[in-house]
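Q: show me how the following folds:
(chains A and B)
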Amino acid sequence: MPTVLRDIVVLNSLGLHARPAMEFVDTANQYRSKVTVIKEGEEPYEADGKSVMQMIILAATQGTPLRIKAEGEDAEGAVNALAKLFENKFGEE
Amino acid sequence: MKLKEFIVSDAIIPNLKATDRDAALQELVKSLSAAGALPASAVEEIVAALIKREQNGSTGFGKGVAVPHVKHASVKQMCGTVGRSATGLDFAALDHQPVFSIFLLLSPENQPQQHLQAMNIVFSNLQKDIFRRFLKQAPTREAIVELLEEADQGK
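A: Alright, predicted model coming up:
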């Protein structure tokens, strides 16, 4: 099964708060692949990219590096769409 | 961060009188004000902001819990409280189930990191089945305070 990894950085100033977390999960749910978001560092955490609660637990502030991992037939599309959300700062500043 | 750093014990409501979401939000914000965490003059606008936030997307993230929250200029210091509904409330939750436990969180503007840390500790606990179950069943303010203290120690 294809596995695709992509390293991104949280760009929006408010960080990965509830609304972006939900937007991420909504997008992840459009794909069949299993999605995981990995935070390393002092408080490492692996969030299920389809769980809003776990995405909020990441508490990823502006500047935090994260790794998006998708596993499944549509992994490439999923990672592209999810990385784009971060690039676009979830529509925030 | 610990729950006790921002949860105002005196504002915890073990048996919400409210039977709908908006009334529950008002009851909780008023309780924070009565406990001295917010000026009474700010209650109405904060409630309005919380309702608007819910309308933009429910904070009922499933499993019987909701975490309404807002950043507001009238909030000088981050504060929060807990409310418990015996009958369950319609929060338009993501899983369409009623909400029995509410964590309300109010943050000042321009403190996004602190806000994320508070959300982190709230959700880290809400993820645990046993925490949710005890919270749902806690009959008194003292029982909820004790549960939160135990959660803080376990972290």
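Q: where does chain B get nearest to chain A, residue-wise?
A: Residue of chain B nearest chain A, by C-beta to the nearest C-beta: B:N120 (3.8 Å). C-beta: built from backbone N, CA, C; applies to glycine.
Q: what comes up buried for the stretch of helix or strand B:R132 belongs to?
A: For B:R132, the element it lies in under DSSP states H and E is helix B:129-137. Neighbour-count burial for helix B:129-137, counted by 16 or more other C-beta atoms under 10 Å in any protein chain shown, picks out B:F131, B:R132, B:F134, B:L135, B:K136.
Q: does the closest residue to chain B within chain A sit in a helix, a strand or a coil?
A: Of all residues in chain A, A:A59 sits closest to chain B, at 3.8 Å by C-beta to the nearest C-beta. Following DSSP: H, G, I helix; E, B strand; the rest coil, A:A59 is assigned to coil.
Q: tell me which parts of chain A are close to chain B?
A: Applying C-beta under 8 Å from any C-beta of the partner chain, we find that chain A lies next to chain B at A:13-19, A:22, A:52-54, A:56-62.
Q: which among those end up buried?
A: Among the residues of chain A next to chain B, the ones that count as buried (16+ other C-beta under 10 Å) are A:14-19, A:22, A:52-54, A:56-62.
Q: residues in contact with residue 14?
A: Since you didn't name a chain, this refers to chain A. Taking C-beta atoms under 8 Å, 6 or more residues apart in numbering or on different chains, we find A:L14 in contact with A:P20, A:Q62, A:E92, B:P112.
Q: wrong one, chain B
A: Counted by C-beta under 8 Å, 6+ apart, B:P14 has contacts B:R84, B:A138, B:P139, B:T140, B:R141, B:A143, B:I144.
Q: picking up where we left off before, quick one: contacts for the residue of chain A closest to chain B?
A: For A:A59, the contact set (C-beta under 8 Å, 6+ apart) comprises A:G15, A:L16, A:E43, B:L116, B:Q117, B:M119, B:N120.
Q: so the first one makes contact with B:Q114?
A: No: using C-beta atoms under 8 Å, A:G15 is not in contact with B:Q114, being 10.7 Å away.
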